[in-house]
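Asker: pasting the structure only:
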């Protein structure tokens with residue numbers, strides 16, 4: 001029963017296979033002769049299949065043993081046999097196939113069969129044979145003619161096989177007619193030169209034979225046109241249209257390497273691009289030469305086969321027996337086609353790329369593609385393509401020189417003739433920051449971004465040491481000691497990383513050593529802190545004290561030699577005399593001309609000269625910020641010096657002139673208010689100086705020192721740390737606000753200091769008035785005593801009517817005249833007494849002026865404390881707490897007050913306009929009544 005079912009399945013499969021070759025449906029055929037002829041074909045195929053069933057192996061393991069022995073016999077290494085065993089064990093575990101051993105035996109039999117019954121024929125011969133059968137069937141079906149030969153055929157007898165199941169359309173098979181005997185004879189007889197059998201049919205249809213295609217194939221694979229292969233363009237080829245579809249499919253497959261080779265040859269012969277592009281061309285050229293070697297081998301095999309066929313050595317089996325067919329050529333060129341395809345893809349994607357971008361393109365195939373062939377091919381290309389990159393890398397990290405004529409390296413040199421940046425920090429630091437730049441888009445994927453930054457710093461540091469630090473001998477010695485060849489094939493990532501790390505540490509340590517010891521960067525930073533940030537207290541106090549008489553005069557009357565002499569005096573009489581002579585030589589005093597009416601205090605400044613290469617750290621921008629801090633601190637120092645002088649005078653006078661009964665009775669309340677406000681001002685100035693010098697400058701200095709003394713600190717770290725140090729002082733030192741804003745800290749501080757100086761001037765005038773009053777009372781008392789001793793009246797009516805002024809009063813009046821000139825443009829109103837010498841009028845004017853300045857100071861400090869209380873920085877908020885520790889001030893928002901005042905002013909104007917309109921309306925009504 002099982003054998004019958006198997007035979008039924010075989011017959012059904014044969015019927016379906018044969019139906020696929022018929023041009024028409026057999027059920028529509030009414031001609032008996034045609035039906036008998038078709039049944040004969042089916043019967044012939046069935047007998048052929050059944051005749052081969054007895055060749056099955058007796059054991060299920062026979063096929064495995066035969067294949068394994070064949071692999072061991074044909075291969076010197078047992079590797080393929082072991083691989084087959086592994087694959088066979090995996091095949092047995094699959095439940096899809098039932099007759100696995102029969103399939104293996106069939107494949108083994110096909111591989112062992114050299115001379116089959118019907119002979120090996122070329123694809124063209126098989127296609128021609130099939131075409132002849134179809135044409136014969138079509139002619140039989142279209143003609144509907146009954147031949148006399150049908151009467152001569154033997155009738156169906158007892159040897160006819162039973163009807164096939166599941167095929168009701170098929171009639172019982174009959175013996176073959178005589179019309180089919182030539183076709184069967186042509187199929188069954190050995191190929192008496194398949195070439196002679198196939199060429200007449202091909203020539204009849206004017207189509208090339210497989211031998212012709214094979215003969216032209218080596219030339220086509222080199223991009224040369226032939227009769228059957230015509231290259232229309234770089235991406236198109238024209239094939240004959242009368243070839244069978246299987247042959248066209250093979251020719252289309254073989255056309256791909258031909259077109260790819262032609263495109264790649266054009267790319268290799270071009271001359272555009274840089275060193276990496278040229279290396280890519282060289283690598284592709286090498287691969288194309290290997291491809292041409294394959295083509296030469298293939299040509300030799302084709303010529304050998306054609307020669308054997310022409311001599312008649314393999315005339316029985318044709319081209320296939322000779323070992324060369326179009327299908328085998330496709331298989332032999334499969335790997336080469338894949339390589340050409342990859343190279344074409346790389347060439348197409350690299351058109352708009354250069355340098356590291358091309359390396360990244362090829363490396364992406366190596367790192368992200370799962371096909372081992374693609375990865376190996378990309379690695380083979382990358383070895384050649386990356387060679388110029390590694391040469392440039394070696395020059396950069398060992399010599400500090402950029403050898404990049406085509407701008408392909410990820411380090412680029414800026415054009416010195418290009419327009420400078422507007423930012424002064426970058427203009428002043430062009431030697432270090434702007435000479436070279438890192439191009440992130442050209443960093444290849446074989447190097448990480450952090451790794452590229454290290455490489456960039458190494459070469460830039462070596463170049464800086466050679467050209468700017470004057471230490472080229474060390475660079476040459478370093479290059480000779482550490483330089484070695486670098487390439488992709490022989491340099492692993494770990495070895496390259498170790499080399500880069502070693503070079504990085506060596507160059508960075510050498511550069512920081514030169515900056516600290518040879519060029520005294522630390523000493524210069526310390527000098528800037530001492531003299532421009534006023535950390536050298538005795539020096540700055542002595543300088544302010546010696547310069548005060550000169551700086552009170554207008555700026556245009558100052559002379560540089562006077563300022564320089566006072567600076568030298570302050571250095572010689574302070575601890576600055578023990579400083580390094582190199583530092584003192586760089587310190588200088590000069591005047592900055594600002595406005596026409598400025599005094600010496602507004603224009604005086606100290607200058608510390610920085611020479612290369614330290615100017616890459618202490619840039620011109622940093623010098624400007626240092627001068628800005630110095631000018632503000634000098635103003636605070638001037639106010640402190642003035643208030644301390646006035647305070648000492650007041651305290652000294654309180655035990656002398658101001659303690660007299662005449663002054664005490666008349667000016668007691670005035671001096672009490674003056675001493676209280678001066679004490680507040682002194683407290684404000686002291687707290688401000690403490691905050692800037694200690695909370696801001698000293699804390700920032702400690703942070704800077706920790707960064708500088710790190711063992712792995714680089715020059716970029718020093719530049720960044722110093723920039724942060726200066727910015728912190730400016731931001732937290734109330735200097736960051738713009739001078740154009742009225743509510744900025746710098747503007748508020750300037751106005752408060754100016755108010756303090758004005759109040760100090762009024763207090764000085766009050767003291768002069770008190771001294772004059774005391775002198776006048778002493779003179780009056782002496783006159784009384786003299787008259788009394790002479791026997792006259794001590795006081796007369798003339799003494800009461802006398803209004804003569806003393807020299808002190810005249811001097812005081814002159815000072816008020818000068819104050820009126822200086823404060824002509826001042827925002828605060830200043831009421832001055834008339835220059836009449838009237839003591840009462842002068843005292844009233846001074847009291848009014850003191851009250852105005854006191855009120856103005858309190859308004860400004862309340863606004864200042866309000867802004868401090870709302871700052872995000874905790875140190876600034878703490879400064880406000882320290883200045884208002886006893887909460888005597890009431891911080892208010894001046895902007896809100898100004899808005900309220902504007903609103904009140906607008907309401908008042910609208911109310912006035914309403915009143916005017918009402919009055920106008922009432923007046924108009926009265927006039928109408930009068931009429």
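Answerer: In hand now; what should we look at? None of the values given here were measured: they were computed from a predicted structure. Numbers count the residues shown, from 1 in each chain.
Asker: Wait, a strand at residue 589?
Answerer: Yes: per DSSP: H, G, I helix; E, B strand; the rest coil, residue 589 lies within a strand segment.
Asker: Give the residue farthest from the middle of this structure.
Answerer: The outermost residue of the chain relative to its centre, with distances by Cα atoms, centre = their mean, is residue 791 at 104.0 Å.
Asker: which residue sits closest to residue 92 in space, ignoring its chain neighbours?
Answerer: Leaving out its chain neighbours, the residue that sits closest to residue 92 by Cβ to Cβ, 6 or more residues apart in numbering is residue 100, at 6.6 Å. C-beta: built from backbone N, CA, C; applies to glycine.
Asker: what pLDDT, on average, does the lengthiest helix in the chain get?
Answerer: Assignment by DSSP state H gives helix 745-789 as the longest helix of the chain. Averaging pLDDT along helix 745-789 gives 88.
Asker: And that helix, what does it pack against?
Answerer: With contacts taken as 3 or more Cβ pairs under 8 Å, 6 or more residues apart in numbering; DSSP states H and E, helix 745-789 sits against helix 620-654, helix 661-690, helix 807-822, helix 839-869.
Asker: Between those helices, which one is closest to residue 246.
Answerer: helix 620-654 (78.2 Å; Cβ to Cβ).
Asker: so how far is that closest one from its chain's centroid?
Answerer: Helix 620-654 sits 47 Å away from the centroid of its parent chain (Cα atoms, centre = their mean, to the nearest Å).
Asker: helices and strands around that helix, which ones?
Answerer: Using 3+ Cβ pairs under 8 Å, 6+ apart, helix 620-654 sits against helix 424-428, helix 537-551, helix 600-603, strand 604-608, helix 661-690, helix 715-732, helix 745-789.
Asker: Roughly how far does the residue nearest to residue 356 when sequence neighbours are not counted sit from residue 404?
Answerer: In space, and not counting its chain neighbours, residue 356 is closest to residue 444: 3.8 Å by Cβ to Cβ, 6+ apart. Relative to residue 404, residue 444 is positioned 14 Å away (Cβ to Cβ, to the nearest Å).
Asker: re the thing from before, let's have the helices and strands packed on helix 620-654 in a markdown table, adding distance to residue 68.
Answerer: Formatted as a markdown table, the helices and strands packed on helix 620-654 follow (distance: least, Cβ to Cβ, whole Å):
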| stretch | distance to residue 68 |
| --- | --- |
| helix 424-428 | 76 |
| helix 537-551 | 99 |
| helix 600-603 | 104 |
| strand 604-608 | 91 |
| helix 661-690 | 96 |
| helix 715-732 | 68 |
| helix 745-789 | 93 |
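Asker: can you put these in TSV and add distance to residue 305 and mean neighbour count?
Answerer: Formatted as TSV, these follow (distance: least, Cβ to Cβ, whole Å; neighbours: other Cβ atoms under 10 Å):
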stretch	distance to residue 305	mean neighbour count
helix 424-428	73	16
helix 537-551	103	18
helix 600-603	102	20
strand 604-608	92	20
helix 661-690	102	16
helix 715-732	70	19
helix 745-789	96	18
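Asker: Can you say which of these is nearest to residue 71?
Answerer: helix 715-732 (64.5 Å).
Asker: by how many degrees do that closest one and helix 745-789 diverge?
Answerer: Interaxial angle of helix 715-732 relative to helix 745-789 (axes from the mean of the first three to the mean of the last three Cα atoms, to 10 degrees): 50 degrees.
Asker: which residues of the stretch 451-600 of the chain fall in helices?
Answerer: 472-482, 493-513, 521-527, 537-551, 560-572, 581-586, 600-603 (DSSP state H, counting those that start in this stretch).
Asker: Adding distance to residue 642 and mean pLDDT, write those helices out as TSV.
Answerer: Shown next, in TSV, are the helices of the stretch 451-600 of the chain (distance: least, Cβ to Cβ, whole Å; pLDDT from 0 to 100):
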stretch	distance to residue 642	mean pLDDT
helix 472-482	55	91
helix 493-513	45	88
helix 521-527	28	94
helix 537-551	8	91
helix 560-572	18	91
helix 581-586	28	93
helix 600-603	10	87
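Asker: and residue 246, which of those helices is closest to it?
Answerer: helix 493-513 (49.5 Å).
Asker: Report all helices and strands that that closest one contacts.
Answerer: Against helix 493-513 (3+ Cβ pairs under 8 Å, 6+ apart) you get helix 387-399, helix 449-467, helix 472-482, helix 715-732.
Asker: buried residues in the second one?
Answerer: Taking 16 or more other Cβ atoms under 10 Å as the neighbour-count basis, helix 449-467 is seen to contain the buried residues 451-466.
Asker: how near is the residue farthest from the centre of the chain to residue 785?
Answerer: Distance from residue 791 to residue 785, by Cβ to Cβ: 12 Å.
Asker: Next, the contact list for the residue nearest to residue 511 when sequence neighbours are not counted, please.
Answerer: Computed as Cβ to Cβ, 6+ apart, the closest residue to residue 511 that is not its neighbour in sequence is residue 461, at 4.9 Å. Counting by Cβ atoms under 8 Å, 6 or more residues apart in numbering, residue 461 touches 400, 507-508, 510-511, 714-715.
Asker: Name the nearest of those relative to residue 542.
Answerer: For those, the nearest to residue 542 is residue 715 (36.8 Å; Cβ to Cβ).
Asker: that older thread, look up how far residue 525 lies from the residue nearest to residue 511.
Answerer: 20 Å.
Asker: and residue 473, how many residues sit next to it?
Answerer: Around residue 473 sit 9 other residues, with neighbours defined as other Cβ atoms under 10 Å.
Asker: before we move on, the earlier item: between the buried residues of helix 449-467, which is nearest residue 637?
Answerer: For these, the nearest to residue 637 is residue 464 (38.7 Å; Cβ to Cβ).
Asker: Give me the pLDDT value at the residue nearest to residue 92.
Answerer: Reported pLDDT for residue 100: 77.
Asker: Next, count neighbours for it.
Answerer: Neighbours of residue 100 (other Cβ under 10 Å): 16.
Asker: doesn't residue 91 make contact with it?
Answerer: Yes: Residue 100 is within contact range of residue 91, at 5.8 Å (criterion: Cβ atoms under 8 Å).
Asker: before we move on, what SS does residue 232 have?
Answerer: strand.
Asker: Would you check that it makes contact with residue 238?
Answerer: Yes: between residue 232 and residue 238 there is a contact under Cβ under 8 Å: 5.3 Å.
Asker: need the contact list for residue 574.
Answerer: So residue 574 contacts 536, 538-539, 542 (Cβ under 8 Å, 6+ apart).
Asker: Could you export the residues you listed as a markdown table, including distance to residue 689?
Answerer: Supplementary listing: these in a markdown table, determined by distance: Cβ to Cβ, whole Å:
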| residue | distance to residue 689 |
| --- | --- |
| 536 | 14 |
| 538 | 15 |
| 539 | 15 |
| 542 | 17 |
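Asker: List just the nearest of the residues you listed to residue 81.
Answerer: residue 536 (91.3 Å).
Asker: Chain neighbours aside, what residue packs nearest to the closest one?
Answerer: That would be residue 530: by Cβ to Cβ, 6+ apart, it lies 4.1 Å from residue 536.
Asker: residues near that neighbour, how many?
Answerer: 20.
Asker: distance of it from residue 694?
Answerer: 15 Å.
Asker: before we move on, the earlier item: so which of the helices and strands packed on helix 493-513 comes closest to residue 760?
Answerer: Of the helices and strands packed on helix 493-513, nearest to residue 760 by Cβ to Cβ is helix 715-732, at 27.8 Å.
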